[in-house]
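Enquirer: Sharing a model prediction with you, sequence too.
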There are 2 protein chains.
Amino acid sequence: MEAKNTPKVRATLEDVAQHAQVSLATADRVLNKRPGVRAATVARVNEAVRRLGYRPDPSAAKLARSRLRRVAFLLPAGANRFVGLLSEQIAANVEWMRDQRIDSEVLAVNVFNPGELAKALLAQEGQRDAVMVMALDHPVVRSAIDQLTQAGTVVITLVSDVPSSTRQHYVGIDNTAAGRTAATLVGRFVGRQPAKVAIILGSLSLRDHAERYFGFNQVMAHEHPHLTVLPPLEGQDDATRNEVLTKELFTAHPDLAAIYSVGAGNGGISTALRTSGRAHNTVFVGHELTPASRTDLLDGTMDAVINQDAGHEIRSALRVALAQWSQEPVIADQERIRIDIYLKDNLP
Amino acid sequence: MEAKNTPKVRATLEDVAQHAQVSLATADRVLNKRPGVRAATVARVNEAVRRLGYRPDPSAAKLARSRLRRVAFLLPAGANRFVGLLSEQIAANVEWMRDQRIDSEVLAVNVFNPGELAKALLAQEGQRDAVMVMALDHPVVRSAIDQLTQAGTVVITLVSDVPSSTRQHYVGIDNTAAGRTAATLVGRFVGRQPAKVAIILGSLSLRDHAERYFGFNQVMAHEHPHLTVLPPLEGQDDATRNEVLTKELFTAHPDLAAIYSVGAGNGGISTALRTSGRAHNTVFVGHELTPASRTDLLDGTMDAVINQDAGHEIRSALRVALAQWSQEPVIADQERIRIDIYLKDNLP
DNA sequence: CTGTTAGCGCATTCAA
DNA sequence: TTGAATGCGCTAACAG
């Protein structure tokens, strides 16, 4: 059961250099893709790397490196609980980042304005080794991302993807699957009798919201045809607006059986449910585990919360960046962000 | 938003030594709790560590260390799918372990025999820096664990805990909560009409099974009183036995509404459900995501799978050990093993 | 009980 | 375009 295929004594860059008949410095140059080495030499070194199964020792590399890698997190400005969690997790990982020779900074950006976001992105060119961005999927933003990656900056999209861009990686959940998951929960919790289901979301122009909505409808249509899905209501992720929308919903559809909240601002929905005395007989499924949604889950106002772990997302983004810079290995299934389902019973 | 409280330039052991007026070697001795230093000197060094906010650089420490830390994984012998997943994950992490100066070995033990397990544990004394064990909670085992930790070996229980022992850490889920989670799923999926629910488990003498059973009953009794929970059936985690038990269940209770499978051997239950044509109208909730349970979920035979991520458990155990040995930081919420709920829609 | 010293494997000047 | 030399922060062997 032991790892017998990996040699007990690891090849060093020095070994590679010897086998390739070059100096340590040259070997290092080709390893780190630095210019100023003849093509033939590059080939020789790479061949030696292959033959020896060389992989750099991350510890040695970090110790020797003087310069810190600079990374920027571009997060939406404004008070969104989930974004707050992301910031907290960034803060919680500064020590670890120091150990990894990473220096990070959080920049608040008005994400809803594509122009501003693009400007903020472009301002990072040359300033950072990586930028992690919770982006709006818009042509202007896409092109800014592309320009950044051209310039050699690692770009990682966070939570909401910009799939058509050249970003190196997306860290976040599959939002269509998340929508489907919500639908199954709602469908099974409501039961077999015909009923109405409402959807409240921030805006259909947000990629993640649109995808969740799509997934939700898919499953509803195919697997729960006895349930009627009402037209989606856009509350701009605002609790106050959501509260109003929810109340209107109740008057228009006294027989409403369930609500799926796609975005933020769940507090408003909870309030409406509670004040109207319908908290326990309306199925309410929403996203993101926060102190508020946790309470709602425990007191029965919410029935399930679908979550993406902010801590995992931050660490994953960082690990992926590290892997891009060096030749460090990435454990694929460790970097897959899961769609967590929380009931009152399995809260962390 | 930047980390302004942590100094840009990190204190080194050398700095600590200077401030404490000792040599590097002595500083290192007290840092690593090695003997042969006067109490007064120890105090001076520790004071300097505190004042400077010193934390060792893990990269430097790993680079300098020649000896590998030796860890043993003691896993149940015999073909259990989940245990297989654990082994796979160990294998998948050998590269990473090498980077961390860890050398691991997997030992198959007959876990159901306390004497054998204890013997295997004791055999590790002096041989390993840490042992990760999927243990049976039994006095003989507990005392073996205690003896190991006395000897300075880090012991980490995996998947099933031995709480009364002096093991440094438990890596696994809260099984009572997992049982509660299962109950809520079953309760909500079955609906409001009175019905019967069956429980199949490996053995009530296994701590994790007993805890899940307990949690399940708790929630059933308090929140779903209209559901009748039948006496638990013990199938020894064996698929064949479970199939027989399930068939007997159907003849004895033609109106059975749900089955909660606490342990392994779900294949037998699925087979019984399918051959009797009840796969889609019996709620079936079980544990551990394997290729088989994944299929059952997708074809509707299973309704939910409660999982603990084998990969996370292995990496967590390793990280915790690393933290015990050195002063490396542990990110608490990263080490909490979550109770994952999988429906057909959020499969990874 | 304490100090001196020599690397660990790589990044990074500075020369050639 | 390439090489030699230095040092990152720590561990560990060796001296006293």
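Expert: Structure received. These figures come from a predicted structure and were not determined experimentally.

Enquirer: Which strands and helices lie in contact with the host helix or strand of residue A:70?
Expert: Secondary structure assigned from DSSP states H and E places residue A:70 in strand A:69-76. Judged by 3 or more CB pairs under 8 Å, 6 or more residues apart in numbering or on different chains; DSSP states H and E, strand A:69-76 is in contact with helix A:81-92, strand A:102-109, helix A:114-122, strand A:130-133, helix A:310-325. In this view, the C-beta of every residue, glycine as well, is placed from N, C-alpha and C.

Enquirer: Figure out how far stretch A:50-61 is from the centre of its chain.
Expert: 30 Å (CA atoms, centre = their mean, to the nearest Å).

Enquirer: can you tell me if it touches DNA strand C.
Expert: Yes - Stretch A:50-61 reaches DNA strand C (CB under 7 Å from any atom of the strand) through A:54, A:56, A:57, A:60, A:61.

Enquirer: That stretch vs chain B: in contact?
Expert: Yes - counting by CB under 8 Å from any CB of the partner chain, chain B has neighbours in stretch A:50-61: A:55, A:57, A:58, A:59, A:60.

Enquirer: before we move on, what SS does the last one have?
Expert: Under DSSP: H, G, I helix; E, B strand; the rest coil, residue A:60 falls in the helix class.

Enquirer: The strand holding residue A:70: partners in the sheet, and parallel or antiparallel?
Expert: strand A:102-109 (parallel), strand A:130-133 (parallel) (DSSP bridges).

Enquirer: Quick one: residues in contact with it.
Expert: Contacts to strand A:69-76, defined as CB atoms under 8 Å, 6 or more residues apart in numbering or on different chains, come from residues A:83, A:86-87, A:90, A:101-112, A:117, A:120-121, A:124, A:127-135, A:158, A:318, A:321, A:325.

Enquirer: Okay, and residue A:293 sits in which element?
Expert: Residue A:293 belongs to helix A:291-298, assigned by DSSP H and E.

Enquirer: Tell me the buried residues in that helix?
Expert: A:292, A:293, A:294, A:296, A:297 (16 or more other CB atoms under 10 Å in any protein chain shown).

Enquirer: got a list of what the first one touches?
Expert: By that I understand residue A:292. Counted by CB under 8 Å, 6+ apart, residue A:292 has contacts A:81, A:266, A:267, A:270.

Enquirer: how about 7 Å then?
Expert: Residue A:292 makes contact with A:266, A:267, according to CB atoms under 7 Å, 6 or more residues apart in numbering or on different chains.

Enquirer: That one and residue B:71, how far apart?
Expert: 42 Å (CB to CB, to the nearest Å).

Enquirer: quick one: buried residues of stretch A:83-100?
Expert: In stretch A:83-100, counting by 16+ other CB under 10 Å, buried: A:83, A:85-87, A:89-90, A:92-94, A:96-100.

Enquirer: so where is the stretch 151-300 of chain A shaky, pLDDT-wise?
Expert: Residues of the stretch 151-300 of chain A meeting the criterion pLDDT under 70: none.

Enquirer: In it, what residue comes closest to DNA strand C?
Expert: DNA strand C sits closest to residue A:152 of the stretch 151-300 of chain A, with a gap of 14.6 Å, by CB to the nearest atom of the strand.

Enquirer: sorry, back to before: tell me which of the strands paired with strand A:69-76 sits most buried.
Expert: Among these, strand A:130-133 has the highest mean neighbour count (mean count of other CB atoms under 10 Å in any protein chain shown), at a mean of 28.

Enquirer: Those residues of chain A touching DNA strand C, which are they?
Expert: A:10, A:12-14, A:24-25, A:28-29, A:31-32, A:54, A:56-57, A:60-61, A:63-67, A:326.

Enquirer: Would you list the buried entries among those?
Expert: A:12, A:13, A:28, A:29, A:31, A:54, A:56, A:57, A:60, A:61, A:63, A:326.

Enquirer: got TSV for those residues, with secondary structure, pLDDT and distance to residue A:139 too?
Expert: Converted to TSV, those look like this (DSSP: H, G, I helix; E, B strand; the rest coil; pLDDT from 0 to 100; distance: CB to CB, whole Å):
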residue	secondary structure	pLDDT	distance to residue A:139
A:12	coil	96	47
A:13	helix	97	44
A:28	helix	96	41
A:29	helix	96	39
A:31	helix	94	37
A:54	coil	95	43
A:56	coil	95	39
A:57	coil	95	43
A:60	helix	97	44
A:61	helix	96	38
A:63	helix	96	43
A:326	coil	87	33
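
Enquirer: restrict those residues to contacts with DNA strand D.
Expert: A:29, A:63.

Enquirer: Farthest-apart pair in the buried ones among the residues of chain A next to DNA strand C, please.
Expert: By the measure CB to CB, A:29 and A:63 form the most distant pair in those, at 19.3 Å.

Enquirer: in a helix, that's where residue A:126 is, yeah?
Expert: No - using three-state DSSP, the secondary structure at residue A:126 is coil, not a helix.

Enquirer: Brilliant, that's me finished.
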